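Undergrad: Below are the sequence and a predicted model for it; my questions follow.
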Amino acid sequence: MQQTIKLRNLESEIVFSTSRSSGPGGQNVNKVNSKVELRFNINNSALLTDSEKTKILLRLKTKINTEGELLIVSQSERTQLRNKQKTIEKFYTLITFALREIKKRKPTKPTRSSNEKRLQLKKARSQVKTLRNRNML
């Protein structure tokens with residue numbers, strides 16, 4: 001699934017912006033813009049179908065801002081390039097998560113042996129409790 005999404009080349013619709021990071025980097029952190037923000041406008045995407053857009057909007061609504069942009073930030077690495085690669089990886093992981101088909105649960109009936117075992121355990125527990133009450137009198 002992730003390979004088919006990567007084949008669409010969604011990176012052409014991604015917008016990157018950089019800023020100063022609060023992450024690792026020592027004294028260099030004050031001089032270099034190593035924090036990377038990835039923005040992907042879902043509503044304006046020409047590479048996604050309408051059904052895919054609605055799935056993404058529903059499943060990733062906590063990561064989507066009011067303009068309908070999927071926002072991913074990375075500042076854990078020391079270099080801008082690695083942070084950019086990390087945001088792209090996160091992006092594809094999130095998109096594949098949002099677009100995967102959720103299997104419907106098939107309801108099953110408990111087996112006869114599991115029912116009998118459950119009833120036996122209930123009887124044993126009941127027996128223990130009745131024996132405790134007799135000792136109290």
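TA: Sure, I can see it. Numbering: from 1, shown residues only.
Undergrad: Tell me which helix or strand in this protein has the weakest average pLDDT.
TA: helix 2-7 (a mean of 59; mean pLDDT, DSSP states H and E).
Undergrad: Skip ahead from that one and say which helix or strand is next.
TA: Later in the chain than helix 2-7, the nearest helix or strand by DSSP states H and E is strand 14-19.
Undergrad: May I see the buried residues of that following strand?
TA: By 16 or more other C-beta atoms under 10 Å, the buried positions in strand 14-19 come out as residue 14. Every residue, glycine included, has its C-beta placed from N, CA and C.
Undergrad: How far does it sit from its chain's centre?
TA: Centroid separation for strand 14-19 versus its chain: 22 Å, with C-alpha atoms, centre = their mean, to the nearest Å.
Undergrad: what sits up against the next helix or strand after it?
TA: Proceeding N to C from strand 14-19, the next assigned helix or strand is strand 35-41, under DSSP H and E. Identification of contacts with strand 35-41 by C-beta atoms under 8 Å, 6 or more residues apart in numbering yields 10, 13-23, 67-75, 80, 83-84, 86-88, 90-91.
Undergrad: Are any of those residues buried, and if so which?
TA: 10, 13-14, 21, 69-70, 72-75, 80, 83-84, 86-88, 91.
Undergrad: what bits of the chain have low per-residue confidence?
TA: 1-8, 23-31, 135-137 (pLDDT under 70).
Undergrad: pull the longest helix from it.
TA: Under DSSP state H, the helix in the chain containing the largest number of residues is helix 112-136.
Undergrad: mind listing what's buried in it?
TA: Buried, per 16+ other C-beta under 10 Å, within helix 112-136: nothing.
Undergrad: can you list the residues that contact it?
TA: In contact with helix 112-136 (C-beta under 8 Å, 6+ apart) are residues residue 110.
Undergrad: what do you get if the cut-off is 10 Å, keeping everything else the same?
TA: Helix 112-136 has contacts (C-beta atoms under 10 Å, 6 or more residues apart in numbering) with 109-111.
Undergrad: Against residue 118, how distant is residue 111?
TA: Going from residue 111 to residue 118 by C-beta to C-beta, to the nearest Å gives 11 Å.
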